[in-house]
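# Structure for this input, please:
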Amino acid sequence: MNSISKISKNSTYLQIIWNDGEESKFNYMWLRDNCPTAHDKDSRHRMFNILEVSKDINPKKYSLNDDGKLEIEWSEGEHTSYYDPKWLRENCYTIKNKQKYKSPYQFWDNNLKNNFESICIDHDEVIDSDEGLIKWLELLHHKGIAIVKNSPTEKKSGFKILHRISHVRETFFKTPFEVINIPKPNNSAYTAHALRNHMDLPWFELPPGYQFLHCLVNDANGGDSSAIDGFAVADYLRQNEKDIFETLVSVPLKFRDKDYTQESHRSYHAPAISLTKDKDFHDIRFSVATMDALDCHPDQMDKVYKAHHRFGNLLHDDRFQIKFRLGPGDIFSFNNRRVLHGRTAFDPNSGHRHLQGYYLDRDEILGRLEYLKKYKL
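Numbers count the residues shown, from 1 in each chain. Next up, the predicted model:
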């Protein structure tokens, strides 16, 4: 275990040298804010109010005590804090900010069809074991796509496996929503038409993070599925067509809910590609069907449309997308804000096609995965 070799006081931070030679800088307000006594032992919420100290707070005395802990007597508040070196090392922002970021995402293209079984997992494996659940969640997190095989085909039977993760995300489409051909449809999903690759609900401020399409019946001619890794396409543009990439990242597009049954008007501006603080990919927001009339600056309109046109065509390029057919008992699971999905047209007179759809927020996928990896492996 790492131990503290040397401590020195500076104007706004304590400098710590560790026994392995690493250096840490711990800001005084950060240290006071993270005193172990600052949190309620039951709720774990921070009860200490950093806003009540002065901006000049600093250690009046500091030392390593007999237990090996960093002991600080503060210049105000008549308070002494004790920090475990292990906690300090694990939470050292100096060291963390020196480390190179490594993306958790594994990009894929149409070569995935040659190893399609690598994204498949059996329903009972997920139901019966934490290891199976972790495997499914890791596929969803790292590749953004998984096919659960041999699931029950009774209506609403998808709830059981999804509740292995967490609660579902409810929308006005209800849960599950029925992907069938209906008269006077309020969404193109409820027709027999082909659907271009798209994300669901881009006109929400926060579209659902993951989608699960549970195939109950698929006897009709047509209705084959498609999927494409939007992050892989965005990465291709970042590497090869930088001007287009920068336009897609920097200029917001406008999306609008066009559901005639709703008594709400939902619209939202967001770029086609958004990035995280580490410049990794965060969201792909793309849907030709629900993009509203754009209202960007007139001097930008031409380049925005050309960038959108290029991106959209790549999002349907056979170099990147895979095509497959869902069978009864398959659950097509994917990151709705990364993997775009579509289907070919089908003939409703040739047989029945019925999918049931569910949403989960991305927080539930990632939070459950982190918990299981920490406590169940």
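# what are the pairing partners of the least confident helix or strand in the chain by mean pLDDT, and which direction each?
Within the chain, no helix or strand scores below strand 346-347, which has a mean of 90 by mean pLDDT, DSSP states H and E. Strand 346-347 pairs in its sheet with strand 221-222 (antiparallel), by DSSP bridges.
# domain ranges for the protein?
4-96, 110-375 (automatic domain parsing).
# any idea where the strands of the stretch 201-350 of the chain begin and end?
Ranges of strands in the stretch 201-350 of the chain, per DSSP state E, counting those that start in this stretch, are 210-218, 221-222, 225-229, 253-256, 267-270, 273-275, 281-284, 322-324, 331-335, 339-343, 346-347.
# Out of these, which gets nearest to Asp200?
Of all these, it is strand 210-218 that lies closest to Asp200, at 5.9 Å by CB to CB. For every residue, glycine as well, the C-beta is placed using N, CA and C.
# okay, the domains of the chain, which one's buried deepest?
domain 110-375 (a mean of 17; mean count of other CB atoms under 10 Å).
# now that domain: how far from the chain's centre is it?
Its chain's average C-alpha position is 12 Å from that of domain 110-375, according to CA atoms, centre = their mean, to the nearest Å.
# End to end on it, go ahead and measure it.
Start and end residues of domain 110-375 are separated by 36 Å (CA to CA, to the nearest Å).
# didn't His352 look like it was pressed against Gly223?
No - applying CB atoms under 8 Å as the test, His352 and Gly223 come out as separate, 10.3 Å apart.
# mind putting the strands of the stretch 201-350 of the chain in TSV, distance to Leu139 included?
Shown next, in TSV, are the strands of the stretch 201-350 of the chain (distance: least, CB to CB, whole Å):
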stretch	distance to Leu139
strand 210-218	11
strand 221-222	27
strand 225-229	13
strand 253-256	28
strand 267-270	26
strand 273-275	23
strand 281-284	17
strand 322-324	14
strand 331-335	8
strand 339-343	11
strand 346-347	27
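# and the ones you listed, which one's lowest on average pLDDT?
With a mean of 90, strand 346-347 has the lowest mean pLDDT of these.
# Neighbouring strands of whatever helix or strand comes next after that strand in the sheet, and parallel or not?
Heading C-terminal from strand 346-347, the first helix or strand you meet, by DSSP states H and E, is strand 353-360. Under the criterion DSSP bridges, strand 353-360 sits next to strand 177-179 (antiparallel), strand 210-218 (antiparallel) in its sheet.
# Show me what the helix or strand following strand 353-360 is packed against.
With elements assigned by DSSP H and E, the helix or strand that comes after strand 353-360 is helix 362-375. With contacts defined as 3 or more CB pairs under 8 Å, 6 or more residues apart in numbering; DSSP states H and E, helix 362-375 has these neighbours: helix 130-138.
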